[in-house]
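**Student:** need the 3D shape of this:
(2 chains)
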Protein chains: 2
Amino acid sequence: MQKERMVDVSKSIAIVGLGLIGGSIAMALQGFEGYEVVGVDVSQPTLRYAAEHHVADRVTDDAKQALAQADVVFLCLHPQGIVDFLVRHKDDFRSGALVTDVCGVKTAIAEAARVLPPDVEFIGGHPMAGTEFSGVQNALKDMFRGAHYIIVPNEESSPEHVALLERMAAYVGCRDVVKTTAQQHDAIIAYTSQMMHVIAVSVCDDPKLFEFMGFEGDSFRGCTRVAALDVPLWTQLFSLNAPQLDEALERLERNISEYRRVLRSGDRKALAQKLEWSAARKRKMNRCEQGCRE
Amino acid sequence: MQKERMVDVSKSIAIVGLGLIGGSIAMALQGFEGYEVVGVDVSQPTLRYAAEHHVADRVTDDAKQALAQADVVFLCLHPQGIVDFLVRHKDDFRSGALVTDVCGVKTAIAEAARVLPPDVEFIGGHPMAGTEFSGVQNALKDMFRGAHYIIVPNEESSPEHVALLERMAAYVGCRDVVKTTAQQHDAIIAYTSQMMHVIAVSVCDDPKLFEFMGFEGDSFRGCTRVAALDVPLWTQLFSLNAPQLDEALERLERNISEYRRVLRSGDRKALAQKLEWSAARKRKMNRCEQGCRE
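**Tutor:** Next up is the predicted model:
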């Protein structure tokens, strides 16, 4: 394992699961406040790749030992993997450690984290970044640049650990840290992320997809990019948040139906008014993105 | 009007309407086979901007004179604007001229072009490019780089004019020229483009949009980018292609409903199978985009 700079091995961050997000976090966290970044995985090819590409300061398949030394643990497995890992390793974490995750659902993970002993603190997290690819070989040091980082502390969360999470989010390049509850997170994410994936796959389910290929522009590419998704991951994410996702999709269906109704009416003025209303909402959102929250 | 190079003023291309697309075509066509590119618009601020930024070789508000000299005319107005322009100027085109357009619907335009005299040839076109912005100040020389260029010749179209259109498409940077009929184009575009815009505005119609802001990732941005649309343009495009668009939306609603059904069933295996099917279609499409048509 090559060492390119000095790290204080008495302070350590363990990244459990060197996939697309875990690998990217490991890369982006290197150098953070002198912590050693330790990559943990069960796959030897992944560990080899990670070692060769310096994805972490050090890599290991010995989760137990890494957890015993880690001040901070990032759980970067698939949702069910996190649940299973917490059960299996609940007694292996260092006393006083901060445990967090990067999972796209938060209620189910917070529930699972209740197995941890009282001297180990869990604060769920969700950096809003990713690509349609998976695996450490697609990890990017810049994955989180400009992204929102959601964390779900509760009233008992220690201010020191919340502040530590915020500094790490800033260090990996996130534009801001947004705090919410696990329930609220899951309602939001059903709309802002999961629904986008259901739209993308539903568009690709169209029987005309291949017949009409060669006629798509950026709007089609932008909408369907995420359809080439990681199936086991998204099966879990959707399943663990099914009622919220279903509710968001119901709202979408209502809104599409309403557009169909106006279209079929042939009333151009009503259509223009409706489009103006929607477009104005998007333009307002764009303006806010660019600064009204600052 | 500054001149940066020699053009053969005996050969001329008139671009009628220096908006986002017309402006971009005018910029991209400069230097093509020695043609002079003449920008035509009714707006003085647009003409001034175009002259100052050398959007065309020459700009004018005298459509009649520009048409009398033009070997090729690109109609780059909104759909209704094209229909009206054809009626008003049907006798002003040069004998033997090729008239084309860049409009996102083709059946209604082909219908309108029947007013042209027999010695003026109309071949509809649709370069599959654009942004959510409008106006000459957002025009880009590189707008068409890598885009599909659809043309709708018929059995009577002259091979010389088809070949000329193909050379111009290549010159402005399009990746390929796809030929189809006006009816087929409109069915396709209802799915690959118009539906994407209805999805985008319908997502933005969600009552939770502003409440949930700050939690969106690239999938949300990719899907909703086009919601900030040019309202008069899209009102016309949707209205002129309403039955086809409604049919595409009906297929989408069926596909979304099917996902909702499987989600609500709680059957993870069925959900995984369904996602695998959709994702495989998208991955196949990505592979084709990268080469299987070559």
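
**Student:** where do the strands sit along the stretch 51-200 of chain A?
**Tutor:** All strands of the stretch 51-200 of chain A, identified by DSSP state E, counting those that start in this stretch, fall at A:58-60, A:72-75, A:98-101, A:121-122, A:124-127, A:148-152, A:176-179.

**Student:** elements contacting the last one?
**Tutor:** Right, the one you point to is strand A:176-179. Counting contacts by 3 or more Cβ pairs under 8 Å, 6 or more residues apart in numbering or on different chains; DSSP states H and E, strand A:176-179 is packed against strand A:148-152, helix A:159-171. Where C-beta positions appear, they are placed from N, C-alpha and C, glycine not excepted.

**Student:** let me have the strands of the stretch 51-200 of chain A in JSON lines, extended by mean neighbour count, mean pLDDT and distance to A:Leu263.
**Tutor:** Listed next are the strands of the stretch 51-200 of chain A as JSON lines, based on neighbours: other Cβ atoms under 10 Å in any protein chain shown; pLDDT from 0 to 100; distance: least, Cβ to Cβ, whole Å:
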{"stretch": "strand A:58-60", "mean neighbour count": "20", "mean pLDDT": "98", "distance to A:Leu263": "56"}
{"stretch": "strand A:72-75", "mean neighbour count": "26", "mean pLDDT": "98", "distance to A:Leu263": "47"}
{"stretch": "strand A:98-101", "mean neighbour count": "25", "mean pLDDT": "98", "distance to A:Leu263": "44"}
{"stretch": "strand A:121-122", "mean neighbour count": "22", "mean pLDDT": "98", "distance to A:Leu263": "49"}
{"stretch": "strand A:124-127", "mean neighbour count": "26", "mean pLDDT": "96", "distance to A:Leu263": "37"}
{"stretch": "strand A:148-152", "mean neighbour count": "23", "mean pLDDT": "95", "distance to A:Leu263": "34"}
{"stretch": "strand A:176-179", "mean neighbour count": "17", "mean pLDDT": "94", "distance to A:Leu263": "36"}
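
**Student:** to A:Val40, which of those strands lies closest?
**Tutor:** Distances from A:Val40 to each of the strands of the stretch 51-200 of chain A were compared by Cβ to Cβ, and the smallest falls on strand A:58-60, at 5.9 Å.

**Student:** re earlier: distance to A:Arg48 added to the strands of the stretch 51-200 of chain A, as JSON lines?
**Tutor:** Supplementary listing: these in JSON lines, determined by distance: least, Cβ to Cβ, whole Å:
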{"stretch": "strand A:58-60", "distance to A:Arg48": "9"}
{"stretch": "strand A:72-75", "distance to A:Arg48": "21"}
{"stretch": "strand A:98-101", "distance to A:Arg48": "25"}
{"stretch": "strand A:121-122", "distance to A:Arg48": "31"}
{"stretch": "strand A:124-127", "distance to A:Arg48": "26"}
{"stretch": "strand A:148-152", "distance to A:Arg48": "30"}
{"stretch": "strand A:176-179", "distance to A:Arg48": "34"}
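
**Student:** spell out which residues of the stretch 1-150 of chain A are next to chain B.
**Tutor:** Where proximity means Cβ under 8 Å from any Cβ of the partner chain, the interface of the stretch 1-150 of chain A facing chain B comprises A:128-131, A:147-148, A:150.

**Student:** pLDDT of stretch A:184-201, averaged?
**Tutor:** Computed over stretch A:184-201, the mean pLDDT rounds to 96.

**Student:** actually stretch A:232-248, not the one I wrote
**Tutor:** The predicted model assigns stretch A:232-248 a mean pLDDT of 96.

**Student:** ends of that stretch, how far apart?
**Tutor:** Start to finish, the residues bounding stretch A:232-248 are 22 Å apart (Cα to Cα, to the nearest Å).

**Student:** next one: the biggest strand by length in chain A to chain centre, how far?
**Tutor:** For chain A, the longest strand by residue count, based on DSSP state E, is strand A:8-16. Centroid separation for strand A:8-16 versus its chain: 21 Å, with Cα atoms, centre = their mean, to the nearest Å.
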